[in-house]
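# No sequence on hand, only this structure:
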């Protein structure tokens with residue numbers, strides 16, 4: 001679902017920022033993979049399966065450290081309540097913030113700017129994040145990663161690559177912000193006594209994993225890619 005939404009992230013740039021269609025398709029592939037990255041804080045997420053348990057544990061530890069270091073008294077009471085309910089209080093925390101989105105995008109920009117092959121490496125990494133979704137066609141995923149690497153190296157400057165990465169990552173944060181659980185997108189700002197205050201864009205009307213969440217996501221992805229094709233004609 002998040003990969004489908006991530007694909008849609010660069011379409012606005014094609015329409016408004018004079019990005020050509022080939023650049024748009026390359027950015028869409030990169031965004032799709034990086035849209036999975038925020039869920040590295042969950043052990044069963046596609047991103048965690050793609051990168052392995054050690055990476056998940058490292059990211060989860062960073063989330064826990066960030067929460068404990070910046071939590072207010074009200075935050076701590078909520079954490080205790082979630083622990084009583086036997087829920088992970090550190091899921092959807094640090095990785096589901098706009099600060100993390102900007103940091104990941106900035107890192108991608110710097111890698112592409114500093115290293116000659118940095119853009120290709122970032123693009124290939126993004127596409128390879130998708131491999132657990134398509135295990136039966138892993139060869140196509142590898143081929144797609146190679147194509148994205150070449151496309152990013154030839155077609156994308158560091159700024160466009162950074163936008164693709166940030167756009168994909170932010171699309172995940174926004175999508176989860178539409179669910180009943182919400183996300184602490186504006187951390188570390190203090191809102192209503194909480195630094196980890198969850199934003200619920202649709203007032204909790206969408207349940208994670210439901211048809212209300214997946215249906216519109218697929219629809220947006222299909223529409224955005226159809227728009228890219230029309231622009232290419």
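Thanks, I have the structure now. A quick note: this is a predicted structure, and the numbers were derived from the prediction, not measured. Numbering: from 1, shown residues only.
# Any stretches of the protein with poor pLDDT?
For the chain, applying pLDDT under 70 flags the ranges 1, 3-4, 6-17, 135-136, 203-233.
# How about stretch 183-195, which residues are buried there?
183, 184, 185, 186, 187, 194, 195 (16 or more other C-beta atoms under 10 Å). Where you see a C-beta, it was placed from the backbone N, CA and C, and this is true even at glycine.
# Give me the distance between residue 49 and residue 42.
10 Å (C-beta to C-beta, to the nearest Å).
# Quick check: end-to-end length of stretch 188-197?
The straight-line separation of the ends of stretch 188-197 (C-alpha to C-alpha, to the nearest Å) is 9 Å.
# what sits up against it?
For stretch 188-197, contacts defined as C-beta atoms under 8 Å, 6 or more residues apart in numbering pick out 67, 70-75, 78, 93, 99, 184, 186-187.
# how about the helices in the protein?
Taking DSSP state H, the helices of the chain run over residues 2-8, 11-16, 21-34, 46-51, 53-70, 73-84, 98-114, 118-128, 138-155, 158-177, 211-232.
# Save the ones you listed as CSV, and put in mean neighbour count and distance to residue 201 too.
Formatted as CSV, the helices of the chain follow (neighbours: other C-beta atoms under 10 Å; distance: least, C-beta to C-beta, whole Å):
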stretch, mean neighbour count, distance to residue 201
helix 2-8, 25, 14
helix 11-16, 16, 18
helix 21-34, 26, 20
helix 46-51, 21, 22
helix 53-70, 15, 22
helix 73-84, 14, 20
helix 98-114, 18, 13
helix 118-128, 24, 25
helix 138-155, 18, 30
helix 158-177, 24, 5
helix 211-232, 14, 12
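# Of the ones you listed, give the one that comes closest to residue 200.
The closest of the helices of the chain to residue 200 is helix 158-177. By C-beta to C-beta, the value is 6.8 Å.
# quick one: that closest one to helix 118-128, angle?
30 degrees (axes from the mean of the first three to the mean of the last three C-alpha atoms, to 10 degrees).
# how far away is the closest residue to residue 70 other than its chain neighbours from residue 189?
Nearest non-adjacent residue to residue 70, counting by C-beta to C-beta, 6 or more residues apart in numbering: residue 195, 5.0 Å away. Shown here: residue 195 relative to residue 189, a distance of 7 Å by C-beta to C-beta.
# now swap in residue 63 and tell me
In terms of C-beta to C-beta, residue 63 sits 18 Å off from residue 189.
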